[in-house]
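>>> mind looking at a prediction? Sequence and model below.
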Amino acid sequence: QDQLVESGGGLVQAGDSLRLSCAASERPFSMYSMGWFRQAPGKEREHVVVASWSGGGTYYRDSVKGRFTISRDTAKKTLYLQMTNLKPEDTAIYYCAANKFLTTDPIYEIWGQGTQVTVSS
């Protein structure tokens, strides 16, 4: 069964750090692209960072460049999002996703249930 399970969200203050994790089952973890998206209340879902470890590159949203880092542990089949210097505008539900091709559009095939990140000022 295809599965992505996020964890690590929470309530933090501006300037703090958080690390999100996404535990994946075999098929989504082996797909061409994985990434993180987020959706704030009343806003559309947007990409945070998407990547391909098969040579397709890594694409960060401009507003998170230099603050967020995507990585993965193949042995644990887990995707991570390290977030530093968090800002109130980073407040959103964060979703992990996997897809057969790389795109920044939120049209990925497999999605997790999301984890809430709230940044207070």
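Done, it's in.

>>> CA only for contacts and neighbour counts going forward, please
OK.

>>> what's residue 96 in contact with, if anything?
Residue 96 is in contact with 4-6, 22, 34-37, 111-112, 114, counting by Cα atoms under 8 Å, 6 or more residues apart in numbering.

>>> out of these, who's the most crowded?
residue 35 (30 neighbours; other Cα atoms under 10 Å).

>>> now it. Nearest residue, chain neighbours left out?
Distances taken as Cα to Cα, 6 or more residues apart in numbering place residue 50 nearest to residue 35, at 4.0 Å, with adjacent residues excluded.

>>> could you give the number of residues near the one you found?
24.

>>> that one and residue 26: what is the separation?
Distance, residue 50 to residue 26, using Cα to Cα, to the nearest Å: 19 Å.

>>> okay, and the residue nearest to the spatial centre of the chain sits in which element?
Nearest to the mean C-alpha position of the chain, counting by Cα atoms, centre = their mean, stands residue 36 at 2.2 Å. Residue 36 belongs to strand 33-39 when assigned by DSSP states H and E.

>>> which residues does that strand contact?
Contacts for strand 33-39 (Cα under 8 Å, 6+ apart): 28, 45-53, 70, 81, 92-102, 106.

>>> for these, which ChimeraX command selects only the ones that are buried?
Filtering the contacts of strand 33-39 down to the buried ones (16 or more other Cα atoms under 10 Å) takes a single ChimeraX command:
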select :28,45,46,47,48,49,50,51,52,70,81,92,93,94,95,96,97,98,99,102,106
